[in-house]
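**Student:** sharing a sequence plus its predicted fold:
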Amino acid sequence: GFCGWPCAVNLADQNHDVVIVDNLSRRKIDVDLEVESLTPIVSIGERLKVWESIGGKPMRFIHMDIAHEYQRLLDLIIEEKPDSIVHFAEQRAAPYSMKSSATKRYTVDNNVNGTHNLLAAIVESGQDIHVVHLGTMGVYGYGSHRGATIPEGYLKVEVPQPDGSRFEEEILHPASPGSVYHMTKTLD
């Protein structure tokens, strides 16, 4: 997809064993939004053939919906024993996430359940796997809140207690997502 293909190529080029898992939903979403990519998007099969024809290390592709195929995902993780998983398997279009009740439900279902299934499968597999996950500043909202600029990362705050004491805590501030897509990212 949008970020996954360049990442997979880069990892394969560095001699990593790469298994691409994708439900291929991006093309359907682009059709639903009545948009086209600025550059032509060829099928994953064609991309893999071209990559290998120019001498790229072979990569495997598995068509899977990780939000709904938990057992397949768990079996794959147990079989492959990955050192790391790069997780880009989320519906990534804020406009699509706000288009209709159906697209809102799809975005929440795909993004939240996909991430949850991945993390649960890693835990259930008993393996020590690093996860790289794409985030977005959109979880903070756009614009300013009460004149404050949007911070990057965590904000230290003092939390008052009923007995008058205080303790310091780090929080993300301000989580104010502007779309259903961005709301799903705050749940990560």
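**Tutor:** Thanks, I have the structure now.
**Student:** tell me which stretches of the protein form helices.
**Tutor:** 4-13, 25-33, 44-53, 70-80, 94-97, 101-108, 114-125, 180-186 (DSSP state H).
**Student:** ok, of the ones you listed, where does mean pLDDT dip lowest?
**Tutor:** Among those, helix 180-186 carries the lowest mean pLDDT, at a mean of 70.
**Student:** mind giving me the packing neighbours of that one?
**Tutor:** For helix 180-186, the helices and strands in contact under the criterion 3 or more CB pairs under 8 Å, 6 or more residues apart in numbering; DSSP states H and E are helix 94-97, helix 101-108. Any C-beta I mention is one placed from the backbone N, CA and C, and that applies to glycine too.
**Student:** so of these, which one's packed in deepest?
**Tutor:** Comparing the helices and strands packed on helix 180-186 by mean neighbour count (mean count of other CB atoms under 10 Å), helix 94-97 ranks first with a mean of 19.
**Student:** spatially central residue for the chain, please.
**Tutor:** Centroid-nearest residue in the chain, with CA atoms, centre = their mean: Phe88, separated by 3.6 Å.
**Student:** between the helices and strands packed on helix 180-186, which gets nearest to Arg72?
**Tutor:** With respect to Arg72, and counting by CB to CB, the nearest of the helices and strands packed on helix 180-186 is helix 101-108 at 19.8 Å.
**Student:** what's the angle from that closest one to helix 25-33?
**Tutor:** Interaxial angle, helix 101-108 versus helix 25-33 (axes from the mean of the first three to the mean of the last three CA atoms, to 10 degrees): 160 degrees.
**Student:** now the phi/psi pair for Cys99, please.
**Tutor:** In this structure residue 99 is Lys, not Cys. phi -70, psi -40 (degrees, to the nearest 10).
**Student:** my read: it touches Leu33, true?
**Tutor:** Yes. Using CB atoms under 8 Å, Lys99 makes contact with Leu33 at a distance of 7.3 Å.
**Student:** if you count surrounding residues, which of these two has more?
**Tutor:** Legend: neighbour count by other CB atoms under 10 Å for Lys99 and Leu33, higher for Lys99 (16 against 13).
**Student:** pLDDT score for the more buried one?
**Tutor:** pLDDT at Lys99 comes out at 81.
**Student:** quick one: contacts for it?
**Tutor:** Taking CB atoms under 8 Å, 6 or more residues apart in numbering as the criterion, Lys99 is in contact with 32-33.
**Student:** swap in Asn23?
**Tutor:** 63-67, 89, 110.
**Student:** domains in this protein, by residue range?
**Tutor:** Following automatic domain parsing, the chain resolves into domains at 4-134, 139-176.
**Student:** just these: most buried one?
**Tutor:** By mean count of other CB under 10 Å, the domains of the chain have domain 4-134 as the most buried, with a mean of 15.
**Student:** and the end-to-end length of that one?
**Tutor:** By CA to CA, to the nearest Å, the extent of domain 4-134 from end to end equals 10 Å.
**Student:** now stretch 87-102
**Tutor:** First residue to last in stretch 87-102 (CA to CA) measures 24 Å.
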